[in-house]
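Engineer: dropping a prediction and its sequence here:
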Amino acid sequence: MLEALEALEQRREAARAGGGEKRVAAQHAKGKLTARERLDVFLDEGSFEELDMYVEHNCVDFGMPAQVVPGDGVVTGSGTVNGRLVYVFSQDFTVFGGSLSERHAQKICKIMDMAMKVGAPVIGLNDSGGARIQEGVASLGGYAEVFQRNVLASGVVPQLSLIMGPCAGGAVYSPAMTDFIFMVKDSSYMFVTGPDVVKTVTNEVVTQEELGGAITHTTKSSVADCAFENDIEALLAARDFVDFLPANNRSGVPARPSDDPWDRIEPSLDTLIPPSANQPYDMHELIVRTLDDGEFFELQPAHAGNIIIGFGRIEGRTVGIVANQPMVLAGCLDINSSKKAARFVRFCDAFEIPIVTFVDVPGFLPGVGQEHSGIIKHGAKLLFAYAEATVPKITVITRKAYGGAYDVMASKHLRGDLNYAWPTAEIAVMGAKGAVEIIFRSKDPEEVAARTAEYEARFANPFVAASKGFIDEVILPHSTRRRVALGLRKLRNKKLENPWKKHDNIPL
Ligand code: HXC
């Protein structure tokens, strides 16, 4: 009996050793943690239950039978984050570069299937050289099995990918189909083809970091949501992030006690809007003063800054925030901001997270570049996302809500549940100057000035919209948190269903 126990312990030790001391040292030398060290940081202490520790690859080519490492390059199982169940896989770069074999893929698929059955998030810690080259098509099949599950899990359980090393070739497509991607600066990168292939095909010379590093993907491409300095920072942020996420699409949002009074008054908001309509202000001020304890987990902060998205809590319950940012491009909607917010709105809707929208938008960004790049179709994404969303939607217009962008930003007409405006709101087809230049084009300057003043007096306020019932109430800025909290409380049991359909056809 004791021998059997010892043999088991030896097997466990062999699996825990991964690719061996030399490769572990190389991993550390790159500033990276090992697969197991990462799980130690990410999961609650002692909560990890490993599965499939003894799985081995089944490759018989290229001398592979002599190179077998139990676990086959990925550590899988379940654990808790602040007491809440999650399923995890953590690729072990010290074993064949974390490359994905048929069996490695089967392990990932198994925990994805379990997560789907019990309704828990899937968190992937990716550090992999891609398809296991020795296995050929078996490995490609393995990837496709994972992809298929990513798609079936989408909208059912939250999926978060941390990219903590290379992620090349088809390997990028599994993270790309998950809900959120976090990257680590200087040690992680994602690309379909690496710098060498790029050089051969297009003659462009580019480094790995420039082509697909964390900065590139969180600023230019928007493939990733957040960039962190190192593994530990990324893993701890992921723990905080998971706290905001519902377990699944039927669980409802997580709730926790909050000491922050729901009716907290914020006098500073009464002077947030500058005297001149053209002067910017930082919309983050309103966001943090509305949320519990000022805690806001912003996503994609370095991309399309003209719109702000992220999670916070009100009365201890998760809300999604979407807000125009007057400090960037005057808060205009353009292609990037529309895409950024649309995907976020859809995530919130899929997981029953109420959406709070703060509006200060002068319209869609004009320009040849925007038109030729398809602002019509991309802007429609946000419109579509808000219109199909059935979760509680509360909107607060702080200043401008002009033109089509007024409609788009969770207006009453798109089934906004509570549409508030501050007294400083201006809700109109366009700004007074632009409007008068069109309808009184041939008039002399004096009349144009008079008409502009007339247009401003008539439309640069929230009361025309309020008189039609498009705005439910004009509220004092300092009471925004109280109004939003009360609204969310009343909307907690909201029931709204869209007509039956197989699925919609959002303008992709
Ligand atoms: C098998 C691999 C591997 C792979 C790395 N290794 N990638 N083994 N299959 N794909 C092994 C190496 O042989 C080495 O083994 C160990 O992992 C570490 O690799 P190094 O090259 O020494 O590390 P480093 O210098 O850090 O470079 C990492 C790397 C590089 C950039 C990831 O290894 C690399 O370019 N790998 C190949 C990437 C690739 O082309 N993958 C296939 C993509 S196509 P030892 O024994 O020396 O420790 C693809 C198709 C999927 O993924 C399609 C799905 C739709």
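Structural biologist: Here it is on my side, so go on.
Engineer: what count of nearby residues applies to the residue in the stretch 401-508 of the chain positioned nearest to the ligand?
Structural biologist: The nearest approach of the stretch 401-508 of the chain to the ligand comes at Leu508, 19.9 Å away (Cβ to the nearest ligand atom). Backbone N, C-alpha and C define where each C-beta goes, glycine included. By the measure other Cβ atoms under 10 Å, the count of residues near Leu508 is 6.
Engineer: so who does it touch?
Structural biologist: Neighbouring residues of Leu508 by Cβ atoms under 8 Å, 6 or more residues apart in numbering: Lys381.
Engineer: same check, this time on Ala380
Structural biologist: Ser338, Pro507.
Engineer: Arg12 too?
Structural biologist: Met53.
Engineer: give me the element the residue of the stretch 251-400 of the chain found nearest the ligand is part of.
Structural biologist: Of all residues in the stretch 251-400 of the chain, the one sitting closest to the ligand is Arg343 (22.2 Å; Cβ to the nearest ligand atom). Taking DSSP states H and E as the criterion, Arg343 maps to helix 335-350.
Engineer: which positions in that helix come out as buried?
Structural biologist: 335-350 (16 or more other Cβ atoms under 10 Å).
Engineer: need the max-distance pair from those.
Structural biologist: Ile335 and Ala350 (22.8 Å; Cβ to Cβ).
Engineer: neighbours of Asn498, how many?
Structural biologist: Using other Cβ under 10 Å, Asn498 has 11 other residues around it.
Engineer: can I assume it is in contact with Ala389?
Structural biologist: No - contact criterion Cβ atoms under 8 Å: Asn498 and Ala389 do not qualify, at 9.4 Å.
Engineer: where does the residue at minimal distance from the centre of the chain land on pLDDT?
Structural biologist: Centre of the chain computed as the mean C-alpha position; nearest residue by Cα atoms, centre = their mean is Phe180, 4.6 Å away. For Phe180, the model assigns a pLDDT of 98.
Engineer: list the residues that contact it.
Structural biologist: Each residue near Phe180 by Cβ under 8 Å, 6+ apart is listed here: Pro158, Gln159, Leu160, Ser161, Asp225, Phe241, Leu299.
Engineer: again, 10 Å this time
Structural biologist: Taking Cβ atoms under 10 Å, 6 or more residues apart in numbering as the criterion, Phe180 is in contact with 123, 158-162, 224-226, 238, 241, 245, 299-300, 343-344, 347.
Engineer: got phi/psi on it?
Structural biologist: For Phe180, the backbone dihedrals (degrees, to the nearest 10) come out as phi -140, psi 150.
Engineer: contacting residues around stretch 236-244?
Structural biologist: By Cβ under 10 Å, 6+ apart, stretch 236-244 touches 38, 41-44, 80-84, 86, 121, 123, 125, 158, 160-162, 180, 182, 225-226, 228, 253-254, 256, 295, 297, 299, 310-313, 317-320, 353.
Engineer: and it, which residues are buried?
Structural biologist: Neighbour count says stretch 236-244 has Ala238, Arg239, Phe241, Val242, Asp243, Phe244 buried, by 16+ other Cβ under 10 Å.
Engineer: was I right about Cys109 contacting Gly141?
Structural biologist: No - using Cβ atoms under 10 Å, Cys109 is not in contact with Gly141; the gap is 11.1 Å.
Engineer: thinking again about what came up before, which residues are in contact with both of Asn498 and Ala389?
Structural biologist: Listed as contacting both Asn498 and Ala389 by Cβ under 10 Å, 6+ apart are Arg415.
Engineer: coming back round to it: so which of the contacts of Phe180 belong to strands?
Structural biologist: Ile123, Gln159, Leu160, Ser161, Leu162, Cys226, Leu299 (DSSP state E).
Engineer: check contacts around the nearest residue to the last one once chain neighbours are set aside.
Structural biologist: Once its chain neighbours are removed from consideration, Leu299 has its nearest residue in Asp225; the separation is 4.6 Å (Cβ to Cβ, 6 or more residues apart in numbering). Taking Cβ under 10 Å, 6+ apart, we find Asp225 in contact with 160-161, 179-183, 217-218, 241, 297-303, 309-310, 340, 343-344.
Engineer: just the buried residues of those.
Structural biologist: Applying 16+ other Cβ under 10 Å to these flags 160-161, 179-183, 217-218, 241, 297-303, 309-310, 340, 343-344 as buried.
Engineer: and the lowest mean pLDDT element among the helices and strands of the protein?
Structural biologist: One helix or strand of the chain scores below all others by mean pLDDT, DSSP states H and E: helix 432-439, with a mean of 80.
Engineer: okay, buried residues for the next helix-or-strand element following that one please.
Structural biologist: Using DSSP H and E, the helix or strand that follows helix 432-439 towards the C-terminus is helix 445-459. Neighbour-count burial for helix 445-459, counted by 16+ other Cβ under 10 Å, picks out Val448, Arg451, Thr452, Tyr455, Glu456, Phe459.
Engineer: using PDB, list the CA coordinates for whatever helix or strand comes next after helix 445-459.
Structural biologist: Going down the chain from helix 445-459, the next helix or strand is helix 463-467, by DSSP H and E. The C-alpha trace of helix 463-467 is given here as PDB (Å, rounded to 0.1, in the frame of the first residue of the first chain):
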ATOM      1  CA  PHE A 463     -36.800  70.600 -21.800                       C
ATOM      2  CA  VAL A 464     -37.900  70.100 -25.400                       C
ATOM      3  CA  ALA A 465     -37.000  66.400 -25.200                       C
ATOM      4  CA  ALA A 466     -38.500  66.300 -21.700                       C
ATOM      5  CA  SER A 467     -41.700  67.900 -22.900                       C
END
